[in-house]
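Trainee: Show me how the following folds:
(chains A and B)
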Amino acid sequence: MAEGLTKSAARNIFYGGSLFFFLLFAALTAHSHWYMVNVSTDSAGLTDSVKHGKEVWEKNMCINCHSLLGEGAYFAPELSNVWERYGGHENADAARNGIAAWIRAQPLNVPGRRQMPAYDFSEDEMQSLIDFLEWTDGIDAQDWPPFPAG
Amino acid sequence: MKYETQKVALPFFMVAMALFALQIVFGLLAATVYAWPEFMASVMPFNIMRASHTNLLIVWLLIGFMGCTYYLMPEEAEREIHSPGLAYLQLAIFAFAGAAALVGYQFGIHEGREFLEQPFWVKVLITISFLIFLFNTSMTLAKGRKTAINMVLMLGLWLAAVFWLFAFYNPSNLAVDKLYWWWVVHLWVEGVWELIMAALLGYLVIKMTGVDREVIEKWLYVIVGLALFSGLLGTGHHYYWIGAPSYWQPIGSIFSTLEVAPFFTMVMFAFTMFWKGTRNHPNKAAMLWTLGCPTVAFFGAGVWGFMHTLHWVNYYSHGTQVTAAHGHLAFYGAYVMIILGVITFAMPSLRRSQPYNQVMNMWGFWITTGAMCFMTFTLTFAGVVQTHLQRVLGMNYMEVQGQLGLFYAMRLGAGVAVAIGVGLLLYSFFGPRRVQVPAGGTQLTAGAASA
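Mentor: Numbers count the residues shown, from 1 in each chain, chains lettered A, B, ... in the order given. Modelled structure (predicted):
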């Protein structure tokens, strides 16, 4: 360690530098918050149903098998673009029915395949969950993921 | 043990190690599901195993940090703990809250956000317990000697409590949710927890080597400075693909690359002090952990983190088994190993004996560490294959997973070896005491006073 650096100088650099970087980080976070609400997500489309869908997502702890925007358990497919994968951009009704039918068909009981449990969603919960997934697909995530496969 | 109240650390270590053992049980269950997908499918779905595995880790690390703090604070502050009664009370609250959360998960009671699954009232209990802990230790520090080690340690613990409060904020806009979710998750493990780790490492290095405190504390400030200068803006590497502005791509890439620096400095620090050290400390196992912890943290958190942190790499690797590989070795090297190191160092004096079971502890060190490295390699290979097939060639997720069976089988094997290694460690900590130093050997020259 450099002889020129005293302990108190090192301490002052630590406290001062950390405060500087924290303030910079907090300011950029505040701007990112503004950007998310106004630019990269559909705030007008954040309906009560989408909000309820997020609650359904959390109540059933989907995140500890699936990933969403690449974060989660990596044990089951990425779902931030499941709407795209089911062709929701071309035919919304078909995607909606397809996703609901897939969830209703669980567990598939295919030997040797990972098992998704059965979830006894009401029709309201199912539509809200799909609304949430459709809304999530609309987030401008810098063109991620690279392929519809997620 | 110079101070009587250091003994409050013992029940913290016992609870932490019990939860550590349980964490490994859930990890083994989850790893078994990867190898045999139908295993326990109708009894315990994978998401419950996974939440239990990760939550147990977080809870036992926090209890471990508390135990380490109670052990070192009297020596550093040169006075007894403010209130041992409060320490036992907050441990009881924390252990109850953790156990209640774990039992609740088995019945689907949780808040459903990754790592922050604890029900609201459990979060409140954790907060109360942590505040009692901070009050108790801060009162001890306020009336006692202030050193760089106990100041940096307490700063890390206080900031961990402050950032924890973001766990109570769950906005309905998913992007904003994730933005602040990282204020807990990243600012803990790649920010203020590094202060805690560095302070504990500094304490061990002082005790083990006998190098002058002035030198060690200067290193400590440099290390924690590097940690926060890089780690705060390094959060940007989690903001690439969640709807945040594109400026996070250069900022996150540059600053998270610099996150390697504090870990590399910790390696240099530990080995330089070991080289300069004048004390021949009899607890050789504790010395092994003191050198091993920064080394494995450097590879797990530093090198494996850097591997997928640049945004043009992360675009392809984000959310694959590469992340899982990094997560396992980073947590093990940085936080599991520092706590096991302090426990190895503290147990002889907590049990009022000379260092014992040294050879068994070292077997535990090498088996556990070796197995964790092997697990990380298998997950890294799985992640590289997955990244190529799924993210470069665009193959379907489940089809790709079908190609990874060999890696998952080897990961399960590594998990079994980890369980064996940890079994040896727990036995060496809490089992019968057997002296394992040669009579008249150099190990004894330091004498009882330094143990």
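
Trainee: What residues does the stretch 201-350 of chain B have near chain A?
Mentor: Taking Cβ under 8 Å from any Cβ of the partner chain as the criterion, the stretch 201-350 of chain B approaches chain A at residues B:214-215, B:217-219, B:221-222, B:224-225, B:228-229, B:232-233, B:235, B:239-249, B:251, B:315-316, B:318-321, B:323-324. From N, CA and C alone the C-beta is placed, and that goes for glycine too.

Trainee: can you do 7 Å?
Mentor: Residues of the stretch 201-350 of chain B that fall close to chain A, judged by Cβ under 7 Å from any Cβ of the partner chain: B:214, B:217-219, B:221-222, B:224-225, B:228-229, B:232-233, B:235, B:239-246, B:315-316, B:318-321, B:323-324.

Trainee: which residues in chain A form strands?
Mentor: Along chain A, the stretches classed as strands by DSSP state E are A:67-68, A:71-72.

Trainee: Any idea which of those strands gets closest to chain B?
Mentor: Chain B sits nearest to strand A:67-68 of all the strands of chain A, at 4.8 Å, using Cβ to the nearest Cβ.

Trainee: ok, is the closest one in contact with chain B or not?
Mentor: Yes. Strand A:67-68 is in contact with chain B by Cβ under 7 Å from any Cβ, via A:S67.

Trainee: in the stretch 301-450 of chain B, which ranges drop under the pLDDT threshold?
Mentor: Applying pLDDT under 70 to the stretch 301-450 of chain B flags residues B:437-450.

Trainee: For B:E194, which non-adjacent residue is closest in space?
Mentor: Nearest residue to B:E194, sequence neighbours excluded (Cβ to Cβ, 6 or more residues apart in numbering or on different chains): B:A227, at 4.1 Å.

Trainee: Now the one you found: which helix or strand?
Mentor: Element membership for B:A227 (DSSP states H and E) is helix B:213-234.

Trainee: ok, and for that helix, which residues are buried?
Mentor: B:215-234 (16 or more other Cβ atoms under 10 Å in any protein chain shown).

Trainee: Could you do stretch A:11-18 as well?
Mentor: Result for stretch A:11-18 [16+ other Cβ under 10 Å]: buried residues A:R11, A:F14, A:S18.

Trainee: Extract the C-alpha trace of that stretch and format it as CSV.
Mentor: The C-alpha coordinates for stretch A:11-18 follow below in CSV (Å, rounded to 0.1, in the frame of the first residue of the first chain):
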residue,chain,number,x,y,z
ARG,A,11,-11.1,7.1,5.4
ASN,A,12,-12.0,10.5,4.0
ILE,A,13,-11.8,9.2,0.4
PHE,A,14,-14.0,6.3,1.4
TYR,A,15,-16.7,8.4,3.0
GLY,A,16,-16.6,11.3,0.5
GLY,A,17,-16.4,9.1,-2.6
SER,A,18,-19.2,6.8,-1.4
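
Trainee: contacts for it?
Mentor: Residues from elsewhere that reach stretch A:11-18 (Cβ atoms under 7 Å, 6 or more residues apart in numbering or on different chains): B:A148, B:Y221, B:V224, B:G225, B:L228, B:F229.

Trainee: can we see that at 8 Å?
Mentor: B:A148, B:Y221, B:V222, B:V224, B:G225, B:L228, B:F229, B:L232 (Cβ atoms under 8 Å, 6 or more residues apart in numbering or on different chains).
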